[in-house]
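Have a look at this fold, sequence not included:
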C-alpha cells in the first residue's frame, strides 16, 4: 500500500513540475479546426511557397522548432528504388512565416477531385468515336450527338471540380493561428 501511494505521489509531483509546452491552434472564425503541440507531427506551407513537414520539438510564443528528416529514393539490389530516410536535423520557423496548411486527402478524393469524371467521360468519348467510325455511321448524327454531349459534359464537370478544389488552407482572413501559452493550461492532478 505504501509503495502504491509513493508511485502515485511521484506521478503527481512529476506532472506538476514537468515542463509544459505551448499549443498552436488553427482557428476558423472562433472554432478550433486544428491543434499542434510538442511531439506531434505538422506539415505547413511557408510564405515563399515551400512545404515543411516534421515533428514539433517545442513551441514558443512566436517560434516553432521542428525535427525534420529528409527522404529520398535509392536503388536497391533488385534494380528498383526503395525509400531511404536521411539524417534528422532541426530547424526553427517563425509562426508569422506560416502561410497555410495543406489539405489532407479525403476519403472520396478521387470523385471530389474530378479525376473520375475526366477519366470516365474521356474513355466513353474515345470509345464512342471509335465505334461510330468503325460502323461508318455519322459522328454527329441524331442518335450519337446526345452521347457525345454527355461524355463532354462529364469531362467538363471533372475539369471544373479540379480547378475549384482547394489544395491548402491559407492563414489569414477566416483562418488564424493562435499560440496558447503553457501558463494558461490546466495542470492535470
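That came through, no problem. What you see is a predicted model; the values in this text were computed from it and never measured. Numbers count the residues shown, from 1 in each chain.

And residue 188, what's its pLDDT?
At residue 188, the model reports a pLDDT of 51.

no wait, residue 51
The score at residue 51 is 89. That number is its pLDDT.

Please tell me how far it sits from residue 93.
Using CB to CB, to the nearest Å, one gets 12 Å for the distance from residue 51 to residue 93. In this view, the C-beta of every residue, glycine as well, is placed from N, C-alpha and C.

now residue 163
From residue 163 over to residue 93 the distance is 31 Å, taken as CB to CB.

More neighbours: the two, which one.
In this view residue 163 and residue 93 are compared by other CB atoms under 10 Å, and residue 93 has more residues nearby, 16 against 8.

tell me which residues in the helix or strand hosting the more buried one are buried?
Here residue 93 sits within strand 81-94, counting by DSSP states H and E. When burial is assessed from 16 or more other CB atoms under 10 Å, strand 81-94 yields the following buried residues: residue 93.

Repeat that for stretch 54-73.
Applying a neighbour-count criterion of 16+ other CB under 10 Å, one finds 54, 55, 56, 59, 64, 65, 66 buried in stretch 54-73.

As a markdown table, the residues you listed with pLDDT would be great.
As requested, the buried residues of stretch 54-73 are exported to a markdown table (pLDDT from 0 to 100):
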| residue | pLDDT |
| --- | --- |
| 54 | 89 |
| 55 | 91 |
| 56 | 91 |
| 59 | 86 |
| 64 | 90 |
| 65 | 91 |
| 66 | 91 |
